[in-house]
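> Output the structure for:
(one chain, ligands or ions: 1)
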Amino acid sequence: MIFPPDFTWGVATSSYQIEGSPLADGAGLSNWHRFALESGRILNDDHGETACDHYRRSHDDVALIKELGVDAYRFSFNWARIQPHGKGAVNETGLDFYRRLVDSLLEHGIRPFATLHHWDLPAILDDHGGWLNRDTAYRFADFTEIMTRALDGQIQDWCTFNEPWVIMHEGYVNGAHPPGLRDLAHAPTVAHNLLRAHAEAVRAYRANGSHRIGIVVNIEPKYAASDSLDDLEAQARAESYMNRLFIDPIITGEWPQPLVEFMGEDAWREVLKESTTPLREPIDWLGVNYYSRNVVGHKPGGFLNTTSVRQPGTHTEMNWEVFPQGLTDTLLWLSERTQGLPLYVTENGAAFDDPPVIGGRVADAERVDYLHEHLHAAAQAIEQGVNLRGYFAWSLLDNFEWQFGYSKRFGLVHVDPATQKRTLKDSAHAYASICRG
Ligand code: IFM
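Okay, the predicted model is just below:
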């Protein structure tokens, strides 16, 4: 495996998944905390009240990141800590937490990669329609301006959204995330508002910041189950919905046609009335979160008239097929669609049923293999000409995996929920030796 000498090696987390203390020091309630506290929403009624207690242990966690020998740390802000009411006055105590975190990263020589929004929205904005409301885009641009003014001196790599597709699909179509709505008809409006918010935020950033800004999308490459026309069309619909809905408007200014055709122009009427030109705000880089692939067949009555065809072979605890070739394919696909824009793998990793800590060791051999195979796949993409600038392992810590609570463990570092003790798994040691070259 050969990586360029200036390749960025990192680990990633997000605010609600690790911080805990969600209401501390004047923070407002977030949509995620409110949702998690509603009984029946999350497996075992888990929530982020404590999570990895990172809010109180961030200094030690930065030392842990340093111990891994990585160059960069990708994290996100809990917007409700900073603007408890989703707009207006800044809660300086909340902002100070991130100031301290960033100072500590820089003191340790670790480059901060900041995500402005990784799903935790001030709950009050959800009360006003969340991403169905056009105004949320302007609130997000204001928030971006606040963060940029406060931290652009120290942070050079910014990202607007993490996985806008998940916000749209799980929150407004599938109902597993807040606000828990279930209607495919929401997709065009929510996608449009998220893209508007992204573009407004990039413009706010350009006015106030002077480094780099991008967006992170989740891509699950879609392979047709057969060469039949039905399956090929099913593949195109699935790809349009999940993989092209956010990239195409940003890069080409077009909505993916197979999806517009499938849903019918009526469903898209309001969105199609507006020009996509303002959505095409140039970005400096694109992040991709890759975990698995999807083999798609035609099935009348299935979601988008498609079905997922389960493949033999290893699956993770999330029931996701382990398919490293999909990462090479994804990077080549993105590279072509984005005409050589700098790319980062901003998340890649796996939940496995890890063995327990024995004698200070977690022998997570499956994750070690997963990591090696996917890094090999990334190196192959570079060899084939992809402008890949870095890789972030998901995740630094075992953490709150959304609707699955604490049942799925993605960490390179084991976290004991009772004591919060951190233990480096074998995968952390393996990753550290790769990062150190
Ligand atoms: O834990 C999530 C993360 O928040 C977003 N990307 C996928 C990860 C694993 O499901």
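
> Ignoring the adjacent residues along the chain, who's closest to the residue most central in space within the chain?
Nearest to the mean C-alpha position of the chain, by C-alpha atoms, centre = their mean, lies Asn162 at 3.7 Å. Using C-beta to C-beta, 6 or more residues apart in numbering and skipping the chain neighbours, the partner closest in space to Asn162 is His118 (4.1 Å). Just so you know, the C-beta spots here come from the backbone N, C-alpha and C atoms, and that holds for glycine as well.

> roughly how far apart are Ala365 and the ligand?
Shown here: Ala365 relative to the ligand, a distance of 20 Å by C-beta to the nearest ligand atom, to the nearest Å.

> check contacts around the residue in the stretch 101-250 of the chain that the ligand sits nearest to.
Closest approach between the stretch 101-250 of the chain and the ligand, counting by C-beta to the nearest ligand atom: Glu163, at 5.6 Å. Applying C-beta atoms under 8 Å, 6 or more residues apart in numbering to Glu163 gives the contacts 118-119, 216-218, 289.

> That one and Asn243, how far apart?
12 Å (C-beta to C-beta, to the nearest Å).

> same check, this time on Asn31
25 Å.

> hmm, back to that, so what pLDDT did the residue of the stretch 101-250 of the chain closest to the ligand get?
Looking at Glu163, its pLDDT stands at 99.

> Kindly report the same for Pro342.
pLDDT at Pro342 comes out at 98.

> Give me the number of neighbouring residues for it.
A count of neighbours around Pro342, defined by other C-beta atoms under 10 Å, yields 16.

> what does the stretch 151-300 of the chain have sitting close to the ligand?
With C-beta under 6 Å from any ligand atom as the criterion, the stretch 151-300 of the chain meets the ligand at residues 163, 289.

> Low-confidence ranges, the stretch 151-300 of the chain, go.
Residue ranges of the stretch 151-300 of the chain with pLDDT under 70: none are present.

> In it, which residue sits closest to the ligand?
Closest point on the stretch 151-300 of the chain to the ligand, by C-beta to the nearest ligand atom, is Asn289, at 5.0 Å.

> Find out how far the helix or strand harbouring Arg57 is from the centre of the chain, if you would.
Taking DSSP states H and E as the definition, Arg57 sits inside helix 54-68. Helix 54-68 has its C-alpha centroid displaced from the chain centroid by 21 Å (C-alpha atoms, centre = their mean, to the nearest Å).

> Alpha carbons of it, as CSV, please.
The C-alpha trace of helix 54-68 is given here as CSV (Å, rounded to 0.1, in the frame of the first residue of the first chain):
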residue,chain,number,x,y,z
HIS,A,54,-16.1,13.7,26.0
TYR,A,55,-17.4,17.1,27.1
ARG,A,56,-15.6,16.6,30.4
ARG,A,57,-12.7,14.5,29.1
SER,A,58,-11.8,16.3,25.9
HIS,A,59,-8.3,17.1,27.1
ASP,A,60,-7.5,13.4,27.8
ASP,A,61,-9.2,12.3,24.5
VAL,A,62,-6.9,14.7,22.6
ALA,A,63,-4.0,13.0,24.3
LEU,A,64,-5.4,9.7,23.1
ILE,A,65,-5.6,10.9,19.5
LYS,A,66,-2.0,12.0,19.8
GLU,A,67,-1.1,8.6,21.0
LEU,A,68,-2.6,7.1,17.8
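
> next SSE after that helix?
According to DSSP H and E, the helix or strand after helix 54-68 is strand 72-76.

> Contacts for that following strand, please.
Contacts for strand 72-76 (C-beta under 8 Å, 6+ apart): 8-15, 62, 65, 101, 105, 110-118, 120, 157, 159, 162, 346, 390, 392, 396.

> now stretch 166-176
Contacts for stretch 166-176 (C-beta under 8 Å, 6+ apart): 119, 130-132, 161, 177-184, 186-187, 190-191, 194, 218, 242, 245, 402-403.

> Quick check: neighbours shared by Glu163 and Asn243?
Common neighbours of Glu163 and Asn243 (C-beta under 8 Å, 6+ apart) are Val217.

> What are the buried residues along the longest helix belonging to the chain?
Criterion DSSP state H: the longest helix present in the chain is helix 187-208. Under the neighbour-count criterion of 16 or more other C-beta atoms under 10 Å, helix 187-208 has 187-202, 204-205 buried.

> tell me what it is packed against?
Identification of packing neighbours for helix 187-208 by 3 or more C-beta pairs under 8 Å, 6 or more residues apart in numbering; DSSP states H and E yields helix 135-151, strand 157-162, helix 164-168, strand 212-218, helix 247-251, helix 265-272.

> now with 10 Å?
strand 111-117, helix 135-151, strand 157-162, helix 164-168, strand 212-218, helix 247-251, helix 257-263, helix 265-272 (3 or more C-beta pairs under 10 Å, 6 or more residues apart in numbering; DSSP states H and E).

> for the helix or strand that comes right after the last one, the distance to its chain's centre please.
So that's helix 265-272. Using DSSP H and E, the helix or strand that follows helix 265-272 in sequence is strand 285-289. Mean C-alpha position of strand 285-289 versus that of the full chain (C-alpha atoms, centre = their mean) differs by 9 Å.

> So what are the sheet partners of strand 285-289 and their directions?
strand 212-218 (parallel), strand 343-347 (parallel) (DSSP bridges).

> what's the most buried one of those?
Highest mean neighbour count of the strands paired with strand 285-289: strand 343-347, a mean of 26 (counted as mean count of other C-beta atoms under 10 Å).

> Any residue of it touching the ligand?
Yes. Legend: contact between strand 343-347 and the ligand by C-beta under 6 Å from any ligand atom is shown at Glu347.

> between that strand and strand 157-162, how many degrees?
Counting by axes from the mean of the first three to the mean of the last three C-alpha atoms, to 10 degrees, strand 343-347 lies at 60 degrees to strand 157-162.

> Could you export strand 343-347 as CSV, CA atoms only?
Below are the C-alpha coordinates for strand 343-347, written out as CSV (Å, rounded to 0.1, in the frame of the first residue of the first chain):
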residue,chain,number,x,y,z
LEU,A,343,-11.4,13.9,-2.1
TYR,A,344,-11.2,12.7,1.5
VAL,A,345,-12.5,9.4,2.9
THR,A,346,-14.1,11.2,5.9
GLU,A,347,-15.5,8.0,7.4
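
> Quick check: next helix or strand after that strand?
helix 365-383.

> Compute the inter-axis angle for that following helix and strand 343-347.
Using the same axes, to 10 degrees: helix 365-383 against strand 343-347 is 170 degrees.

> Could you give the number of residues near the nearest residue in space to Ser15 that is not next to it in sequence?
Nearest residue to Ser15, sequence neighbours excluded (C-beta to C-beta, 6+ apart): Asn78, at 4.1 Å. Asn78 has 28 neighbouring residues, counting by other C-beta under 10 Å.
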